[in-house]
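Undergrad: I need the structure of the sequence given here:
(chains A and B)
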Number of protein chains: 2
Amino acid sequence: LTGPVTNPPESRRPTRYREIYDRIRASITDGTLAPGDRLPSARALATELKVARGTVDTAYALLSGEGFLLTRGRSSTVVSPQIPASSMLRRPAEAPADRPAAEPEDLTYMFAAPLPLTPGLPAFDLFPRTLWSQLIGRHARRSAVAELSYPDPLGEPTLREAVAAYLAVARGIRCGSDQIIITGGYLSALGLICRTMLRPDDAAWVENPGYPFTAHAVRTVGARTVPVRVDAEGLDVERGIAVAPDALLAVVAPSSQFPLGVALSLRRRMALLDWARRAGSWIVEDDYAGEFRYEGAPLPALKSLDRDDRVLYVGTFSKTLFPGLRLGYLIVPRPQLARFKAQVRRLDGGRPALEQAAVADFLGSGRYARHIKRMRNAYRSRRAALMAAFAEAFGARFPLSPMAGGLHLLATTDEDDADLEARAIAAGLRPLALSRMGFEPSRPRGLLLGFANLPEAQAAATVRRLAVALSQP
Amino acid sequence: LTGPVTNPPESRRPTRYREIYDRIRASITDGTLAPGDRLPSARALATELKVARGTVDTAYALLSGEGFLLTRGRSSTVVSPQIPASSMLRRPAEAPADRPAAEPEDLTYMFAAPLPLTPGLPAFDLFPRTLWSQLIGRHARRSAVAELSYPDPLGEPTLREAVAAYLAVARGIRCGSDQIIITGGYLSALGLICRTMLRPDDAAWVENPGYPFTAHAVRTVGARTVPVRVDAEGLDVERGIAVAPDALLAVVAPSSQFPLGVALSLRRRMALLDWARRAGSWIVEDDYAGEFRYEGAPLPALKSLDRDDRVLYVGTFSKTLFPGLRLGYLIVPRPQLARFKAQVRRLDGGRPALEQAAVADFLGSGRYARHIKRMRNAYRSRRAALMAAFAEAFGARFPLSPMAGGLHLLATTDEDDADLEARAIAAGLRPLALSRMGFEPSRPRGLLLGFANLPEAQAAATVRRLAVALSQP
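TA: Alright, predicted model coming up:
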């Protein structure tokens, strides 16, 4: 680590802090530096490398922001042993069975009219209606033949290019636009993946607790789900390997696990990628909330570490724009590209051209990145307002789990959360029972509380309504 | 038939011609009147029933327009032995094998930019851009929360209701709006049907020749296709029963078969419905061009005869509006409704709200029916112009098959149609080789020529370009 920094030709020479950043990052990802290992102080390293102290500080800050390093106090920097611990799981899911708690028939409320506290919704009141209707209107008026005709089932080329460019900047992902397939959102992408890759009796790891539709999509093609518990470091990769080492697929939300909100630790990320490489398996990265992290910098995508091309990356515009758009994207590893293209051409006529053209404009203009930044700030405030109101109203009865990202809070409980949910719904509120997300027989209990669509000014009154509803017998 | 017409209570009394129409239609569909049976002359029947001659004439005209009766000369009316014969099949498909000629990889041109003569495209130049952008713009500006939020995966209620009302009037179909699922077009509906109903090794009849993606969709879920030949009366139902009596599904385009353009005869319609009832099988009716019939009145949908609820009806807005919309609809028989709803909720997040809302307005305003009427007239003229230009240029070399509906002409040939197609494409034209649509080993040959997107004024010049291209060695 502290050897001389070689000098590349002047024209291609990266900045000094970037060289240091790259070398430390490489040392961590190749195992030279182990989790918990202590790094030299910035001052000492700067002296050794003969660079300014601020250069090392910048590299360390970058690595800390991405979760590789943990800075303890003023001078102690270690390789992150894990993503900051969470104590949310009062009832860790033990001995899981292959059966999610909620059937799709039980989940129709997810398609019902949104109510206050509905999890997973972006801020409808802050959506830039004027800009959006200008972008849509321009294409609708023109109704160019290319937009009236059969769309490319892989997606409009302009949008695929705009997405590739966006992901490089925002999520640290390098891929060609030819690897991108435009989908109708997460479910649409996952359905495509399952239909293309899974054969009956193939196994797929799914998170426990997790998004129920993930398990349903896997089962719909006749494959087996292997629920793998999620703890404070995210998906328990070792447990997955112990239970189903030859699973074909692992579906994981590394940035902000749904519903628990934990981030997959760097150690686990490396272990997961290593397993996939050795087993010839594939990882589905559900990055539904990768843009929304409120403490520290956004974590880079798992896909950005994917040197062996084992990760199918799934992104969605449902959270960054709005769910009614039904647009998302999938990055397909090159070895799988031909199969996916053939599958898309067989079973799907593609997505409407109109929204694709408008979203391509949105991304290309740079307004999309500004919109996300604005929403991230708004959500940080809304989150703080709801946390404060909730803590004041419920105190120790429903402790809030620490979550750095996502669009909901999680209040834990030992009470019957389905009953709590029902009482809230009767009061016109829609928090979601955590037990719906677990696999039988063990299910952690809690309430998911959506904050992104709840203005700060309404937080206190909404929580008071909830408190009244939950205080009734 | 000639018994006294009973008098229902005055308030509910249908018009006299409707009573006569209903009784004859019922006699045909229940087998009392057999194909080829002669009916009394209108004058004689009027005398017997003690109604005006014009009343019987109206009923006969209605039944003739729908294909139930055939009027020969001035006074002879018989139950239609078949839908008017077509002589198009120079090489009827014998001994078919379960393998369509074209793989999806060969069909990417269907998603390429449209060229003159591309089959299956509506008139882009006549599309009402102003009206459409007004409808779209209104919803985009408002961006109501219901349209920003997760859509109902079954479809927006307003659109489902508008479709049910439209189908009752335009296609003679009675169904509840709760039976309608909004899809992304034909492929999307067929994929949903296959995933919901077919198990591996189930068999499905597909038309030979037929739309290649139909066979691919069936095979994608592991089921077997049973190609059944199409002759002048449409799908050879007896052959299908002989080869695969226990098929679970029969996929058929009764109004205007693709690619041959024949209508399924009434006799065959009844036989198909009878088979489905007895075998416990299901019929998929692909009504992609039901609205576009240029000789006589539009045929009612097969679904309108479906008393036992065995028909899954698939309609699309790709031909009546435009394919880039990616919207269509599926009517699900009530006994299957729960399975379909669960399947839709598992694997698809539904279609974007924006286009659904705009199309619902389009239908509800009555402008949709007027648009279709206008297009039918335009297509009749465009068809006539292309037929005339083609016959003049090619005469006996490529005889045109008589086709009463659809969006393309079919020129038959003994020449290598793939070679003809390639030479046309080199000249910037895109007729489609019929042999792509057949199953190995036998494939009829011909060229499909799209006329709906080709203005009359361009017909002669386009055909001249084609003649030059096809005259070269």
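Undergrad: going forward, measure contacts between C-alpha atoms and count neighbours the same way
TA: Will do.
Undergrad: Contacts only, for the spatially most central residue of chain A.
TA: Note on chain A: the residue nearest the mean C-alpha position is A:Asp287, at 3.1 Å, using Cα atoms, centre = their mean. By Cα atoms under 8 Å, 6 or more residues apart in numbering or on different chains, A:Asp287 lies in contact with A:253-256, A:301, A:313-316.
Undergrad: Closest one to A:Ala396 out of those, please.
TA: A:Ser256 (24.6 Å; Cα to Cα).
Undergrad: Partner strands of the longest strand anywhere in chain A, with direction?
TA: Ranked by residue count and defined by DSSP state E, the top strand of chain A is strand A:224-231. For strand A:224-231, the paired strands and their directions (DSSP bridges) read strand A:203-208 (parallel), strand A:234-235 (antiparallel).
Undergrad: so after the first one, what's the next helix or strand?
TA: Scanning forward in sequence from strand A:203-208, with DSSP states H and E defining helices and strands, the next element found is helix A:212-220.
Undergrad: how many other residues sit next to the closest residue to A:Phe68 other than its chain neighbours?
TA: Using Cα to Cα, 6 or more residues apart in numbering or on different chains and skipping residues adjacent in sequence, the residue nearest A:Phe68 is A:Ser80, 5.5 Å away. For A:Ser80, the count of nearby residues is 23 (other Cα atoms under 10 Å in any protein chain shown).
Undergrad: And the pLDDT for A:Ser80?
TA: Listed pLDDT for A:Ser80 reads 75.
Undergrad: So A:Glu285: helix, strand or coil?
TA: Under the three-state scheme (DSSP: H, G, I helix; E, B strand; the rest coil), A:Glu285 adopts strand.
Undergrad: Which strand residues bridge the nearest residue to it once chain neighbours are set aside?
TA: Nearest non-adjacent residue to A:Glu285, counting by Cα to Cα, 6+ apart: A:Tyr313, 4.8 Å away. In this entry, A:Tyr313 is beta-bridged to A:Glu285, A:Ile331, by DSSP bridges.
Undergrad: contacting residues for A:Tyr313?
TA: Residues in contact with A:Tyr313 (Cα under 8 Å, 6+ apart) are A:284-287, A:303, A:330-332.
Undergrad: tell me the secondary structure for the closest residue to A:Thr158 other than its chain neighbours?
TA: Closest residue to A:Thr158 in three dimensions, ignoring its sequence neighbours and counting by Cα to Cα, 6+ apart: A:Ala360, at 6.1 Å. Secondary structure state of A:Ala360, per three-state DSSP, is helix.
Undergrad: Help me confirm that A:Ala360 comes into contact with A:Ala165.
TA: No. At 10.9 Å, A:Ala360 does not count as touching A:Ala165 under the criterion of Cα atoms under 8 Å.
Undergrad: Of the contacts of A:Tyr313, which is the most crowded?
TA: In terms of neighbours by other Cα under 10 Å, those top out with A:Leu330 at 29 neighbours.
Undergrad: close enough to count as contact, it and A:Ile181?
TA: Yes. Using Cα under 8 Å, A:Leu330 is in contact with A:Ile181, at 5.2 Å.
Undergrad: hmm, back to that, make a markdown table out of the contacts of A:Asp287 and add pLDDT and secondary structure.
TA: What follows is the contacts of A:Asp287, written out as a markdown table (pLDDT from 0 to 100; DSSP: H, G, I helix; E, B strand; the rest coil):
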| residue | pLDDT | secondary structure |
| --- | --- | --- |
| A:Ala253 | 97 | coil |
| A:Pro254 | 96 | coil |
| A:Ser255 | 94 | coil |
| A:Ser256 | 94 | coil |
| A:Ala301 | 95 | coil |
| A:Tyr313 | 98 | strand |
| A:Val314 | 98 | strand |
| A:Gly315 | 98 | strand |
| A:Thr316 | 97 | strand |
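Undergrad: Among the residues you listed, name the buried ones.
TA: A:253-256, A:301, A:313-316 (16 or more other Cα atoms under 10 Å in any protein chain shown).
Undergrad: Of those residues, just say which sits nearest to B:Cys194.
TA: Proximity to B:Cys194 was ranked across the buried ones among the contacts of A:Asp287 by Cα to Cα; first place goes to A:Val314, at 25.3 Å.
Undergrad: tally of neighbours for the residue of the stretch 351-473 of chain A found nearest chain B?
TA: Residue of the stretch 351-473 of chain A nearest chain B, by Cα to the nearest Cα: A:Pro352 (5.2 Å). A:Pro352 has 29 neighbouring residues, counting by other Cα under 10 Å.
Undergrad: pLDDT at it, what is it?
TA: At A:Pro352, pLDDT is 95.
Undergrad: does it really touch B:Leu325, like I thought?
TA: Yes. In this structure, A:Pro352 is within contact of B:Leu325 by Cα under 8 Å, at 5.2 Å.
Undergrad: The stretch 1-150 of chain A: strands as residue ranges?
TA: Counting by DSSP state E, counting those that start in this stretch, the stretch 1-150 of chain A has strands at residues A:38-39, A:69-72, A:76-79.
Undergrad: Tabulate those in CSV, adding columns for mean neighbour count.
TA: What follows is the strands of the stretch 1-150 of chain A, written out as CSV (neighbours: other Cα atoms under 10 Å in any protein chain shown):
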stretch, mean neighbour count
strand A:38-39, 18
strand A:69-72, 20
strand A:76-79, 19
